[in-house]
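# starting from these lines, generate the structure:
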Amino acid sequence: GERPEDDIGILHDIYVGEDYRKGDVAYNLLQMAVAKLINSGKNRAICNVQEDNPNRFLHFAMADNNIINECECVRRNGSKTIDYTLLIDLHKLNKMTMLDLARKTAILRRKNKTNAEME
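Residues are numbered from 1 along each chain as shown. Next up, the predicted model:
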């Protein structure tokens, strides 16, 4: 969809082939997208991720766990999941190293696992 003329961009369809996920290719592509948005006058970006996405904690880490909306959605096959809308601070993400992002992702994953075990 189109965004109004404001400082919020959209990071949509973040995906790289499995062979490139744990290296600098995925990180460099993300940083290129972030730089392009910043150069276009955007300071923040919206990103969506679903609960059943095994890489959702990476998305949460990119957004500093800033969830601005969550709702149930129904997939084409009829299955249901939770769709999270995240708001990302592009300048903060731009300054994150690949190691920073990996650490933050691991922390959020551990927190989620601990919370799930407590329930």
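# three-state assignment of the closest residue to Asp83 other than its chain neighbours?
Spatial nearest neighbour of Asp83, chain neighbours left out: Cys73 (4.3 Å); criterion: C-beta to C-beta, 6 or more residues apart in numbering. Just so you know, the C-beta spots here come from the backbone N, C-alpha and C atoms, and that holds for glycine as well. Three-state call for Cys73 (DSSP: H, G, I helix; E, B strand; the rest coil): strand.
# my read: Cys73 touches Ile82, true?
Yes: assessed by C-beta atoms under 8 Å, Cys73 is found in contact with Ile82 at 7.4 Å.
# tell me the buried residues in the host helix or strand of Asp100?
Of the helices and strands defined by DSSP states H and E, Asp100 is found in helix 98-118. Buried residues in helix 98-118, counting neighbours by 16 or more other C-beta atoms under 10 Å, are found at 101, 104-105, 108.
# equivalent analysis for stretch 18-31, please.
When burial is assessed from 16+ other C-beta under 10 Å, stretch 18-31 yields the following buried residues: 26-27, 30-31.
# from Asp83, how far off is the residue nearest to the spatial centre of the chain?
Centroid-nearest residue in the chain: His59, 2.3 Å away (criterion: C-alpha atoms, centre = their mean). When C-beta to C-beta, to the nearest Å is applied, the distance between His59 and Asp83 equals 11 Å.
# and for Asn94?
Between Asn94 and Asp83 the computed distance is 25 Å (C-beta to C-beta).
# hang on, isn't Lys104 packed against Ala61?
Yes: between Lys104 and Ala61 there is a contact under C-beta under 8 Å: 3.9 Å.
# that older thread, what about the residue nearest to Asp83, how many neighbours?
Close neighbours of Cys73, defined as other C-beta atoms under 10 Å, add up to 13.
# and Ala45, how close does it get to Asn77?
The gap separating Ala45 from Asn77 is 29 Å, by C-beta to C-beta.
# looking at these two, which has the bigger crowd around it?
Neighbours of Ala45 and Asn77, each counted by other C-beta under 10 Å, are more numerous for Ala45; the result is 24 against 5.
# related to what we said a few turns ago, how about the residue nearest to the centre of the chain, nearest residue that isn't a chain neighbour?
Of all residues not flanking His59 in the chain, Val49 sits nearest, at 4.0 Å (C-beta to C-beta, 6+ apart).
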